[in-house]
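Enquirer: What shape does this take:
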Amino acid sequence: MKIPFLSGEYVNAFRPSAQIYPGPDCPDLHHGEYYDEWVPNDHTFIRDDGGNWHIFGITHPLTPVEHVHEGEVQLFHAKAPADAFDRLAPGVFRDLGCVLPPAERPGEPKEIHSPAIVEIGGVYHMIYGPTQFRLALSRDLEHWELKGERFRDVEGASRDPQIMAHNGRFLLCYCSGYAVKMCQSPDLRNWGEATTILRLPEGVCPESPFLLNHDGIFYLFVCTWQGKNWDHKTISDAYQHQTLVYAADRIENLGRREPVTVLDAHAPEIVETDGRYFISSVEWPCRGINLAPLEFQSSDPE
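Expert: Purely as a prediction, here's the structure:
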């Protein structure tokens, strides 16, 4: 079994631009005001039909750490050319502004978190939370048509969805309480019963799971939250950058093993392009989305 490791330094590929907060008002943020510093979080990568790369993810203006999730009511959208990972450099992803604020989602909860996007037959399907996993469709990654709630965990607190296509089905991996769960769908609209694939000890919350199949082995990347950094009083410290990696030949065996490694990343996504892998990290080592090359080898690197 091969073990993933960061084979290079992180590059700050995207940093959100200053812009106007679309509202609604909350204790630290006000509708229509211009804020210089914006903070991203859970995100997803998708390629358009021209090969260009896009990132969508949580964002909000910088707030005090005690209100770390305040204003997470819209998504950022960034774009890079098709060869972005061949010439990875600071700022290679360009900010295209915010999408899907509450005004564009009437009747929905104002919060919008952790999008996951896949393309089916020329249509981009976005699943997003929190709690109620909702669906939006687009043909151009700019205009989105809301399709409403599609899945809700029976225990209530479903969050951080990620989608992997495997053997003709879509696997939805997400967090619920101290567990990482998974359910399956043939079309991203109808979902089967969820099963638990990993449960962490009480007090250790899983975040931002990413399921990957590499050379016949399933790898589950899971960021953890234990509240260790709150006394540092900055948002960058509030987002812990410890990612556990589990590996097994079958998904149902992932939770029966100890982690094969621990990576320095927060809310990681794994990107594969031309046989090469990259890992993203939010707010670590610096503001924005950071990218580093990821490789697999048979034992830990020296």
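
Enquirer: Partner strands of the strand or helix carrying K147 and their direction?
Expert: Assigned by DSSP states H and E, K147 belongs to strand 145-152. Sheet partners assigned to strand 145-152 using DSSP bridges are listed as strand 132-138 (antiparallel).

Enquirer: all strands in the stretch 51-200 of the chain, in order from the N-terminus.
Expert: Assigned by DSSP state E, counting those that start in this stretch, the stretch 51-200 of the chain shows strands spanning 53-61, 74-80, 94-99, 113-120, 123-129, 132-138, 145-152, 158-166, 169-176, 179-185, 195-199.

Enquirer: Please tabulate those strands in JSON lines, including the columns mean pLDDT and distance to T273.
Expert: For the C-beta atoms, the positions are set from N, CA and C on the backbone; glycine is no exception. Converted to JSON lines, the strands of the stretch 51-200 of the chain look like this (pLDDT from 0 to 100; distance: least, C-beta to C-beta, whole Å):
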{"stretch": "strand 53-61", "mean pLDDT": "97", "distance to T273": "9"}
{"stretch": "strand 74-80", "mean pLDDT": "98", "distance to T273": "11"}
{"stretch": "strand 94-99", "mean pLDDT": "97", "distance to T273": "18"}
{"stretch": "strand 113-120", "mean pLDDT": "96", "distance to T273": "15"}
{"stretch": "strand 123-129", "mean pLDDT": "97", "distance to T273": "18"}
{"stretch": "strand 132-138", "mean pLDDT": "95", "distance to T273": "22"}
{"stretch": "strand 145-152", "mean pLDDT": "92", "distance to T273": "28"}
{"stretch": "strand 158-166", "mean pLDDT": "95", "distance to T273": "16"}
{"stretch": "strand 169-176", "mean pLDDT": "96", "distance to T273": "21"}
{"stretch": "strand 179-185", "mean pLDDT": "95", "distance to T273": "25"}
{"stretch": "strand 195-199", "mean pLDDT": "96", "distance to T273": "26"}
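
Enquirer: Nearest to V271, out of those strands?
Expert: V271 lies closest to strand 53-61 among these, at 8.3 Å (C-beta to C-beta).

Enquirer: send the alpha carbons of that closest one over as CSV?
Expert: Taking Å, rounded to 0.1, in the frame of the first residue of the first chain, the C-alpha atoms of strand 53-61 are listed here in CSV:
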residue,chain,number,x,y,z
TRP,A,53,-10.2,25.2,-13.8
HIS,A,54,-12.7,26.6,-11.4
ILE,A,55,-12.9,26.7,-7.6
PHE,A,56,-16.2,27.3,-5.6
GLY,A,57,-16.2,27.5,-1.9
ILE,A,58,-17.3,29.1,1.4
THR,A,59,-16.3,32.7,1.9
HIS,A,60,-17.1,35.6,4.2
PRO,A,61,-15.5,38.9,5.2
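
Enquirer: buried residues in it?
Expert: Neighbour counts over strand 53-61 (16 or more other C-beta atoms under 10 Å) mark 53-61 as buried.

Enquirer: ok, so of those, who is nearest G71?
Expert: For the buried residues of strand 53-61, the nearest to G71 is H60 (3.6 Å; C-beta to C-beta).

Enquirer: Residues in a beta bridge with that closest one, which ones?
Expert: Taking DSSP bridges as the rule, H60 bridges to V39.

Enquirer: so how far is F93 from it?
Expert: Per C-beta to C-beta, to the nearest Å, H60 is found 18 Å from F93.

Enquirer: Export the strands of the stretch 51-200 of the chain to JSON lines and append columns for distance to D215.
Expert: As requested, the strands of the stretch 51-200 of the chain are arranged in JSON lines below (distance: least, C-beta to C-beta, whole Å):
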{"stretch": "strand 53-61", "distance to D215": "24"}
{"stretch": "strand 74-80", "distance to D215": "27"}
{"stretch": "strand 94-99", "distance to D215": "34"}
{"stretch": "strand 113-120", "distance to D215": "22"}
{"stretch": "strand 123-129", "distance to D215": "27"}
{"stretch": "strand 132-138", "distance to D215": "30"}
{"stretch": "strand 145-152", "distance to D215": "30"}
{"stretch": "strand 158-166", "distance to D215": "14"}
{"stretch": "strand 169-176", "distance to D215": "18"}
{"stretch": "strand 179-185", "distance to D215": "20"}
{"stretch": "strand 195-199", "distance to D215": "20"}
